[in-house]
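Peer 1: using only what follows, build the 3D model:
(2 chains)
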Amino acid sequence: MIPAAWICLFAPLGAAIAITLAGNRLSRRAAGYLATTSVLVSFVAAVVSFAFLLGDPPDNREHYSTLWHWLTAGPYQFDLRILVDPLSTFMMLIVAGVGFLIVWYSIGYMDGDDEERRYFAYMALFVFSMLLLVQGGNLLMLLAGWGLVGLSSYLLIGFWHERPTAIAAAKKAFVMNAIGDATMALALFILIQRDGTLNFEVVFSRTGSLGTWAANLVALGLLGGAVAKSAQLPLQTWLPDAMEGPTPVSALIHAATMVTAGVYLIVRTNALFEAAPHVQELAAGLGAATLLMAGLIALVQTDIKRVIAYSTMSQIGYMFLAAGLGAYADAMFHLMTHAFFKALLFMAAGIVIHALADEQDLRKMGGLRQYLPKTYWAFLVGALALTGIPPFSGFFSKDSLLAPALAHGWYGQLLWVAGMVGVFLTGLYTFRMLFLAFWGEPSPFVQEHFHALKRDVVGVSLAVPVGVLTVLAAFAGWIQVYNFWTPISNWLDPVAPPLVTASGLQEAATSVIAVALALTGIGVAWWIYAARRGEAPRTLPLLQHKFYFDELYDALFYRPAVFLATGLYRWVERPLVFGSLRELAAAVRELGFETRSIQTGLVRTYVLAIAASLAVITIVFVVVR
Amino acid sequence: MNGPDVVWYLAVAAFLFCTGALGVLIRRSPLIVLLSLEIMLNGANLALIAFARQQGHEDGQIFALAVMAVAASEVVVGLGLIVAMARRRLDLDVDKLRTLRG
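Peer 2: As a prediction, this is how the structure comes out:
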């Protein structure tokens, strides 16, 4: 089990290094296959460790393994250490499994790109970083993985570096994430100061001795990291821009795995969050606010990838809501089904974009159902799963995630209402996108630019992963059916015991209302965008401008910083720093002019000077002493 | 210990040194300046050896030998320079070599 976990961690890193070092000696296709194989190896290793873990008794499924001492500083010691427990294997399976499908898909999607090798090296590096994040056996390893996924995300968003927008988006993502990394590092400093270690088992067992202030600060710091990585309010603005990256990158990093790391963090450090209940409630509130806001913005986006990006933000809001209220297993269950159906939606959208010569504007699409029937079915399954229509996976996960909110007092009920409104919005924006892209008459743009996929390597590597994910998105929800069959809760509860559980009545009411609202959303979308096609409704400028968050941050941080910098340059740097340097140089030059006459060039003068000074020194030594 | 007192040696050394220094200061031919330098060095050597003899210690003698070696090398370089100057038909006058004037 332990060797399998290490193999799982290091296989993608090996591929990344190999592709980097091999350079031109490796063909582009071979680089893609190497990366895919390495992630497949990871997945197999994850399955092996999962199988071993399954054989252990349920209350003894926590195994640490230390490779070496990474850092030793005085009494503090941090090891390169992994943890194999139900939660980490759960994440390993998702990351490596979905990662394998998406890297495979990339072989077709990136075919013919100039720098495929670089792309696959980055992808493998990302999978390694993400596995490090979920397998890390202390908070420092987790933070290292946290930083590395941020780096690979930055590299992959800016992969098409000839586009200025891609570079700007990459920088934005990096800076936003750096804020979260910093607050997380501060939280870890407090923990080091209090506990002297960052090992999970010690830190989690000593939360009682932290004290209210420290516990709140630690939880806030961790929440800051989670919010930045998962694109929740108020650090959400980077995710839509991150769609500048290649579509498989959006599917893997900005839908299935990295952005859900915040949820994983809350579930993993649930002991720390439970020591600060108000911060945990804040997490739930932020999730609810984000899911509403993102759902509203998604209604007016015209870029197909951005609609899906906002829907990702909204779905992660649901997970935050559940994790913040203490329904950890439900949040992780939704994380899993979301990874399947959101990756599916992105990859189906990727096929559409591929077939339309890189066009992403929904307004130019239409009638694609006739051209891409299989993709249409895949997209439809993904959309139904996202909306939460039975029997697709989203139905099971989203309802079991919302129901516990009803059992959490008035605050939970408030969030439940927000979640329900979100369900309606989800139906509306998802099917708006579907109707706009696939229904109606083929638009002139589609008729002109469409080119079909061929049954070659490219076509196969695009089609097979999408097919597998379609099956998963359709049926994965059946793994857990409330109260009748709950393997995921049974599996994860020892790691993160739930704080709330819903009663049967609450569960049933939630399901019925959610499905009704989702169907209403679909119906409204059908009425506006399919039945009365062509009369696009007027949109609110508030939504068009994404609630003015970019403008707000621009006014709040960017402009004052620029103002301060130019002010300092004009009033401090130029007169004081440059001025003083100029004066200093002038003074030295003046001194040089004054003293140059001493240098006569006459050897005998020098000799006389030496002899005279020698004489003076001698006299001083002899007489004075 | 036989022979004259160390003071006599030092007097001779000082005389040699001053003669040399005077030569360096007042003569203008580089050849003579070099020659005077050698005299100064030998005055210093004499003092070193006198003290070595007085103290009964060989460090001074070793040092004097080292000074001789340095003086020999210095003469080689100095004479080489003077020969080069003569070849270029420059004036053999240290007062005329003032290109380093500030």
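
Peer 1: distance of residue A:191 from residue A:264?
Peer 2: Noted for residue A:191: a distance of 18 Å to residue A:264, by Cβ to Cβ, to the nearest Å. Every residue, glycine included, has its C-beta placed from N, CA and C.

Peer 1: which parts of the stretch 451-600 of chain A sit against chain B?
Peer 2: A:595, A:596, A:597, A:598, A:599, A:600 (Cβ under 8 Å from any Cβ of the partner chain).

Peer 1: pLDDT value on the last one, please?
Peer 2: The predicted local confidence for residue A:600 comes out at a pLDDT of 80.

Peer 1: ramachandran angles for it?
Peer 2: Residue A:600 adopts backbone torsions of phi -90, psi -20, taken as degrees, to the nearest 10.

Peer 1: where does the nearest residue to it once chain neighbours are set aside sit: helix, strand or coil?
Peer 2: Leaving aside its chain neighbours, residue A:600 sits nearest to residue B:101 (5.8 Å; criterion: Cβ to Cβ, 6 or more residues apart in numbering or on different chains). Of the three states, residue B:101 takes coil under DSSP: H, G, I helix; E, B strand; the rest coil.

Peer 1: quick check: residue B:101 vs residue A:605, distance?
Peer 2: Separation of residue B:101 from residue A:605 (Cβ to Cβ) stands at 10 Å.

Peer 1: neighbour count: these two, which is higher?
Peer 2: residue A:605 (15 against 10; other Cβ atoms under 10 Å in any protein chain shown).

Peer 1: doesn't that one belong to a strand?
Peer 2: No - per three-state DSSP, residue A:605 lies outside any strand segment and is helix.

Peer 1: need the contact list for it.
Peer 2: By Cβ atoms under 8 Å, 6 or more residues apart in numbering or on different chains, residue A:605 lies in contact with nothing.

Peer 1: and the pLDDT for it?
Peer 2: Per-residue pLDDT puts residue A:605 at 85.

Peer 1: what does residue B:82 give?
Peer 2: In this prediction residue B:82 is given a pLDDT of 90.

Peer 1: backbone torsions only: list them for the residue lying closest to it once chain neighbours are set aside.
Peer 2: Using Cβ to Cβ, 6+ apart and skipping residues adjacent in sequence, the residue nearest residue B:82 is residue B:30, 5.3 Å away. Torsion angles at residue B:30 (phi, psi; degrees, to the nearest 10) stand at phi -60, psi -30.

Peer 1: got it, and residue A:27?
Peer 2: Here is the backbone geometry of residue A:27 (degrees, to the nearest 10): phi -70, psi 160.

Peer 1: what is the neighbour count of residue 24?
Peer 2: Since you didn't name a chain, this refers to chain A. Number of residues near residue A:24 (other Cβ under 10 Å) recorded here: 7.

Peer 1: look at chain B instead
Peer 2: Counted with other Cβ under 10 Å, residue B:24 comes out at 23.

Peer 1: which strands and helices sit next to the helix or strand containing it?
Peer 2: In this assignment (DSSP states H and E), residue B:24 forms part of helix B:6-26. For helix B:6-26, the packing partners by 3 or more Cβ pairs under 8 Å, 6 or more residues apart in numbering or on different chains; DSSP states H and E come out as helix A:603-619, helix B:30-55.

Peer 1: buried stuff in the longest helix seen in chain B?
Peer 2: Counting by DSSP state H, the longest helix found in chain B is helix B:59-87. Neighbour counts over helix B:59-87 (16 or more other Cβ atoms under 10 Å in any protein chain shown) mark B:60, B:63, B:64, B:71, B:78, B:82 as buried.

Peer 1: okay, angle between that helix and helix B:30-55 too, please.
Peer 2: When axes from the mean of the first three to the mean of the last three Cα atoms, to 10 degrees is applied, the directions of helix B:59-87 and helix B:30-55 differ by 180 degrees.

Peer 1: other SSEs contacting helix B:59-87?
Peer 2: By 3+ Cβ pairs under 8 Å, 6+ apart, helix B:59-87 packs against helix B:30-55.

Peer 1: the residue sitting nearest the centre point of chain B and residue B:32: what is the separation?
Peer 2: Per Cα atoms, centre = their mean, the C-alpha nearest to the average position across chain B is that of residue B:38, at 2.6 Å. Remark: distance between residue B:38 and residue B:32 (Cβ to Cβ) = 11 Å.

Peer 1: cool, residue A:510 as well?
Peer 2: 114 Å.

Peer 1: likewise for residue A:31?
Peer 2: Residue A:31 sits 81 Å away from residue B:32, taking Cβ to Cβ as the criterion.

Peer 1: tell me which of those two has more neighbours.
Peer 2: With neighbours defined as other Cβ under 10 Å, residue A:31 and residue B:32 compare such that residue A:31 has more, 26 against 15.

Peer 1: circling back to that earlier point, any idea how far the longest helix of chain B is from the chain center?
Peer 2: 9 Å (Cα atoms, centre = their mean, to the nearest Å).

Peer 1: equivalent analysis for stretch A:22-42, please.
Peer 2: Counting by Cα atoms, centre = their mean, stretch A:22-42 is centred 24 Å from the centre of its parent chain.

Peer 1: contacts for that stretch next, please.
Peer 2: With Cβ under 8 Å, 6+ apart as the test, stretch A:22-42 has contacts from A:7-9, A:11-12, A:14-16, A:18-19, A:92, A:96, A:99-100, A:103-104, A:106-107, A:110, A:116-117, A:120-121, A:123-124, A:127, A:131, A:457.

Peer 1: which among those residues end up buried?
Peer 2: Buried among the contacts of stretch A:22-42 by 16+ other Cβ under 10 Å: A:7-9, A:11-12, A:15-16, A:18-19, A:92, A:96, A:99-100, A:103-104, A:106-107, A:110, A:116-117, A:120-121, A:123-124, A:127, A:131.
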